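1. Sequence first, then the predicted structure, then my questions.
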Amino acid sequence: MVYIPRFGEDYQRPAAQGSSNDVIDALGLGHYEGSAMPGGVGNFSLAGHRQTRGKVLNDIDLLQNGDHIYVRTKDGYYTYTVYEQKIVQPHEVDVIEPVPGHPGQSPTERIMTLTTCHPRYGDTERYIVHAKFESWQPASAGAPAEIAKVANNNLLKRGKHTMYGWIFRHLPGPLWVRIITAILLILLVVYVLMEFIFPNFAQYGPFNLDVTINH
């Protein structure tokens, strides 16, 4: 999840692997394959639409030097600080190189880059924002103060403090497998409760077939 307070105190958008249209059309921000991961040495680069599909980077031109961009993973929160904004041509892809603008150079810094179309209602150019890694803190320490309210609300909505949320996050496999497995586990728990913990209640539901047949 990516948080950009400059876009509003409740701004948060998911980030998915890949930067093709089928990814950013549906999920918001897309991670350029081959670019660094959050907090890694190199250039952690994200793409997003400006006017279509949620307008995730519609206000990118509002970002100023010193603004913070936060990235949350399962391990914790990464803080980046904006240091540069510029407009480039679509073919100038070196902005997402490990060292922006210097293809082939080995990186020593941790950079984050946002890319989107420019101008706002066109796509003849690209608007680029670069930010430098500032800090990291573990999830157990909670969210940075600037995004604590929205981040904490989001975690609660995702069911962090519920058994269902814990099970869903820890199940293996792709999303569709986890969804089906979670549903089956829930149905199993309900069956066990109705059959063994609350047997008298089962006669009012579909768990006691004998009652239904006899009547």
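-> Received the coordinates, thanks.

2. show me where this protein has helices.
-> 21-27, 148-157, 163-170, 175-192, 199-202, 209-214 (DSSP state H).

3. now the last one: mean pLDDT?
-> Mean pLDDT, computed over helix 209-214, is 38.

4. Stretch 42-50 too?
-> 94.

5. How about stretch 109-128?
-> In this model, stretch 109-128 has an average pLDDT of 94.

6. who touches that stretch?
-> Applying C-beta atoms under 8 Å, 6 or more residues apart in numbering, the contact partners of stretch 109-128 are 35-36, 39-51, 57-58, 60-61, 69, 71, 80, 84-90, 92, 95-96, 99-100, 129-133. The way it works is simple: take the backbone N, C-alpha and C, and place the C-beta from them, glycine included.

7. quick one: buried residues of it?
-> By neighbour count on 16 or more other C-beta atoms under 10 Å, the buried set for stretch 109-128 is Arg110, Ile111, Met112, Thr113, Leu114, Thr115, Thr116, Cys117, His118, Arg126, Tyr127, Ile128.

8. Then stretch 92-100?
-> Val95, Ile96, Glu97, Pro98, Val99, Pro100.

9. Can you give me the distance of the second one to Met112?
-> If I follow you right, that is Ile96. Look at Ile96 and Met112: by C-beta to C-beta, to the nearest Å, they are 10 Å apart.

10. shared neighbours of those two, anything?
-> The contact sets of Ile96 and Met112 overlap at Asn43, Ser45 (C-beta under 8 Å, 6+ apart).

11. Would you mind giving me the confidence score for Gly104?
-> The model's pLDDT for Gly104 equals 94.

12. Likewise for Leu188?
-> Per-residue confidence (pLDDT) for Leu188: 87.

13. Distance to Leu29 and pLDDT for the buried residues of stretch 92-100 - can I get that in JSON lines?
-> Shown next, in JSON lines, are the buried residues of stretch 92-100 (distance: C-beta to C-beta, whole Å; pLDDT from 0 to 100):
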{"residue": "Val95", "distance to Leu29": "16", "pLDDT": "97"}
{"residue": "Ile96", "distance to Leu29": "14", "pLDDT": "97"}
{"residue": "Glu97", "distance to Leu29": "19", "pLDDT": "97"}
{"residue": "Pro98", "distance to Leu29": "20", "pLDDT": "97"}
{"residue": "Val99", "distance to Leu29": "22", "pLDDT": "97"}
{"residue": "Pro100", "distance to Leu29": "18", "pLDDT": "96"}
